[in-house]
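A.B. asks: Sequence first, predicted coordinates after that:
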Amino acid sequence: MTTPTTTLGQAIIAARKKQGISQKDLAAAVQKEDGTGSISPQYLNDIEHDRRSPTSDQLIREFARALSVDADDLFVLAGKIPEDLRAAATDSATRVRAFKAFRKALSK
């Protein structure tokens, strides 16, 4: 889905267009983190053009669900570590081991 220079916004546009979904329809499918409805088409447009970023892990997961893409890929493009991983890596040694394993996997 992504190339090394892909941004989160570009990835969302590509996935949305691949599925033939309009901005309006995708915005309606992505629920706000407070459960009060869906995001606005303008907010989606700002995210797609990298003027804004999703404000929560939940919104990134909502985009992944609505677009049927891997949430972890979107988290990487957003430059975020999901809360469940942050909670699991409670100490420095665990985080260092995880990043070393990640770097090793990338170098293969």
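C.D. replies: Received it, and whenever you're ready, just let me know what you need.

A.B. asks: just the helices in the protein please.
C.D. replies: Here the chain has its helices, by DSSP state H, at 8-18, 23-29, 41-48, 57-67, 71-78, 83-88, 92-107.

A.B. asks: distance of the residue of the chain positioned farthest from its centre from residue 59?
C.D. replies: For the chain, the largest distance from the centre (CA atoms, centre = their mean) belongs to residue 93, which lies 26.4 Å off. From residue 93 over to residue 59 the distance is 31 Å, taken as CB to CB, to the nearest Å. Yep, even glycine has a C-beta here, placed from its N, CA and C like the rest.

A.B. asks: ditto for residue 91
C.D. replies: 28 Å.

A.B. asks: Could you find the residue nearest the spatial middle of the protein?
C.D. replies: Taking CA atoms, centre = their mean, the centroid of the chain lies closest to residue 74, which sits 2.9 Å from it.

A.B. asks: Verify the contact between that residue and residue 57 for me.
C.D. replies: No - Residue 74 is beyond contact range of residue 57, at 10.1 Å (criterion: CB atoms under 8 Å).
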